[in-house]
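K.L.:
prediction below, plus the sequence it came from.
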Amino acid sequence: MLEILASSNHHITHLPSASNDSKPISNKPNHLQILKKCTHLIQFKQAHAQIIKTPLHQSDTYLSKLINSLVGFSDLIYARQVFDQITEPSTFAFNTMIRGYGTNDLGPEGIELYIRMRHQGLNPDNFTYPFLLKACSGLKQGKGVHSLVVKDKRFSSEIHSLTSLITFYCSFGDVGSARLLFDRMPQRNVVTWTGIITGYVKQKRYKEGIELFNQMKNNGVEINELTLVSVLSASANLGALEIGQWVHEYIDQKRILLNPKLGAALVDMYAKCGHIDKAYQVFKVLPCKGVYVWNAMIGGLAMHGYGIEAIERFWEMQRNGIKPDRITFIAVLSACSHSGLVETGNEILLSMRKDFGIEPSIKHYGCFVDMLCRAGLLNEAYEVIINMPMEPNAVLWGTLLNACAVAANVELAEAAMQRLMVLEPFNDGNYVLISNIYAAKERWNDVGRIRKILKDREISRNPGHSLIQVDNIVHEFLVGDGRHPCSEQIYDMLEKVAIIIKEWSL
DNA sequence: GTAGGGTTAG
């Protein structure tokens, strides 16, 4: 990092020299302004080296502000050196260091500092607990902080500390605890609402996320672009086009700036809700296309079977100076998989490491294996799975098992099933698949054997289901479901669709 | 000088 910065050509132009600094008090704000203008660490350090020569600038206040800037540059080592120079660090200085450690994967150091702070008789303020939570590496530690907040009467109802606790619980997947806190909060703001909504969405509890969003609207709480990103993600995954469209209109109406993340969420929503043309329309006019936006577009084209177009966008993004990341390659490889572009897929997987320096992860191999499977190259897929540099997981073996069910390949299916019985012993779908393969080969004894395993292990069969939203109502259907009032018409339509698909594939 | 975000293979 330092080397990169050192080699860049940034120079400080208007830096007053220390010898000219006859009136340090009046010059002090200028110094801080100079530091604030520095965009690179090396620049900052040069400026600081000049300023620090004046004795006044060794004051605790100055040093604390310096730490704050250094934490902004993620230079924790230097920040700590400065911190250690402070004779009597204030709560602000401690907070800043704890924040620095917490946001740079050095949580334990942050917690240690918090303990030292209390030993020195300093009281936490409303910034301390949110930062301390950032430094927690697990639910257990966070619960510890939670109890500190509860005991500290000044903050047990304070919005920042409680909101941070909510997002903390959500980030560790404990939406239940987050919700308990949320429901009991005396006051909530955008961040509180967005935090809990995002928590539900991350846990794939999209419906509950949308419900909370509706409540948020009814309560007249301000909505910002971060709220909308989560809501778009929920509607994308529910296929709830109307909610997504509502968000789009809201963005236009309120003239909310389409930043790359919001833009990507919008493109992704249209793609997942079946409107790839609309997704492309939004994509085209986005003022600022970051790597997220390209990824969403390529992924969208991939899932709609526009493999060639997806690959074209992949090259186009590079011509536009955007560097592909690991997600881009997942999208590109899935494009190859869904469009049968085996040769291209091969080249891309090799090129990832060679030309882009990105080591393929298990997800990349997952796409690659899926591509081989869909192309009917089951033996090749099996070879890749057992020779990959990492331990294959249930998804990889599951992909192969699925393909074996399509091709009625008993031998490889049994190989996959053997691993899946260990990796996913309670996944009912796997047993159903292998049993179907045996049935296709009329191996009724084996079918009975699998059925017995299911019964003995008390594996409940989870019926397949799907969701669709029409006129703001989300309808849920189970396999063979006949409960819907329009059931008959729905099945009629399904038959018609099936006929059309068959005609297409001929 | 507080807290929250998207895309990811069966």
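P.N.:
Received it, and whenever you're ready, just let me know what you need.

K.L.:
what sits closest to the residue in chain A positioned nearest to DNA strand B if chain neighbours are left out?
P.N.:
With Cβ to the nearest atom of the strand, the shortest gap between chain A and DNA strand B falls at A:Gly366, namely 1.6 Å. Yep, even glycine has a C-beta here, placed from its N, CA and C like the rest. Distances taken as Cβ to Cβ, 6 or more residues apart in numbering place A:Val395 nearest to A:Gly366, at 5.5 Å, with adjacent residues excluded.

K.L.:
give me the neighbour count for the one you found.
P.N.:
Neighbours of A:Val395 under the rule other Cβ atoms under 10 Å: 16.

K.L.:
show the average pLDDT along the helix or strand where it lies.
P.N.:
For A:Val395, the host element (DSSP states H and E) is helix A:394-407. Mean per-residue pLDDT for helix A:394-407: 94.

K.L.:
contacts only, for A:Arg374.
P.N.:
A:Ser337, A:His338, A:Gly340, A:Ala403 (Cβ atoms under 8 Å, 6 or more residues apart in numbering).

K.L.:
now do the same for A:Ile468: its pLDDT.
P.N.:
The predicted local confidence for A:Ile468 is 67.

K.L.:
now the one helix or strand A:Asp183 maps to: mean pLDDT?
P.N.:
Secondary structure assigned from DSSP H and E places A:Asp183 in helix A:175-184. Helix A:175-184 carries an average pLDDT of 93.

K.L.:
and that helix, how far out from the chain middle?
P.N.:
Put simply, helix A:175-184 sits 22 Å off its chain's centre (Cα atoms, centre = their mean, to the nearest Å).

K.L.:
now do the residue nearest to A:Phe127 when sequence neighbours are not counted, the pLDDT please.
P.N.:
Closest residue in space to A:Phe127, ignoring its immediate chain neighbours: A:Asn95 at 4.7 Å, by Cβ to Cβ, 6+ apart. We note a pLDDT of 95 for A:Asn95 in this prediction.

K.L.:
A:Asn95 reaches A:Asp125, doesn't it?
P.N.:
Yes - in this structure, A:Asn95 is within contact of A:Asp125 by Cβ atoms under 8 Å, at 7.2 Å.

K.L.:
who has more neighbours out of these two?
P.N.:
The neighbour comparison of A:Asn95 against A:Asp125 (other Cβ under 10 Å) goes to A:Asn95, with 27 against 17.

K.L.:
which residues touch that one?
P.N.:
The contact partners of A:Asn95, by Cβ under 8 Å, 6+ apart, come to A:Asp125, A:Phe127, A:Thr128, A:Phe131.

K.L.:
try it again with 6 Å
P.N.:
Residues in contact with A:Asn95 (Cβ atoms under 6 Å, 6 or more residues apart in numbering) are A:Phe127, A:Thr128, A:Phe131.

K.L.:
does at least one residue of the host helix or strand of it sit close to DNA strand B?
P.N.:
A:Asn95 belongs to helix A:91-102 when assigned by DSSP H and E. Yes - remark: helix A:91-102 sits within contact range of DNA strand B at A:Thr91, A:Phe92, A:Asn95, A:Thr96, A:Arg99, by Cβ under 7 Å from any atom of the strand.

K.L.:
now that we have the residues you listed, which of them are buried?
P.N.:
Of the members of these, the ones counted as buried by neighbours, 16 or more other Cβ atoms under 10 Å, are A:Phe92, A:Asn95, A:Thr96, A:Arg99.

K.L.:
thought the third one was touching A:Ile67?
P.N.:
This means A:Thr96. Yes - at 5.1 Å, A:Thr96 counts as touching A:Ile67 under the criterion of Cβ atoms under 6 Å.

K.L.:
next, count neighbours for A:Gly300.
P.N.:
For A:Gly300, using other Cβ under 10 Å, the count is 27.

K.L.:
if I pick it, what's in contact with it?
P.N.:
By Cβ under 6 Å, 6+ apart, the residues touching A:Gly300 are A:Ala271, A:Ile276, A:Ala279.

K.L.:
most neighbours among those residues, which one is it?
P.N.:
Neighbour counts for these, by other Cβ under 10 Å, peak at A:Ala271, which reaches 26 neighbours.

K.L.:
which one is that residue nearest to, not counting chain neighbours?
P.N.:
Closest residue to A:Ala271 apart from its sequence neighbours, by Cβ to Cβ, 6+ apart: A:Gly300 at 2.8 Å.

K.L.:
what of A:Cys336?
P.N.:
Leaving aside its chain neighbours, A:Cys336 sits nearest to A:Gly345 (3.4 Å; criterion: Cβ to Cβ, 6+ apart).

K.L.:
hang on, A:Glu476 in a strand?
P.N.:
Yes - A:Glu476: assigned to a strand according to DSSP: H, G, I helix; E, B strand; the rest coil.
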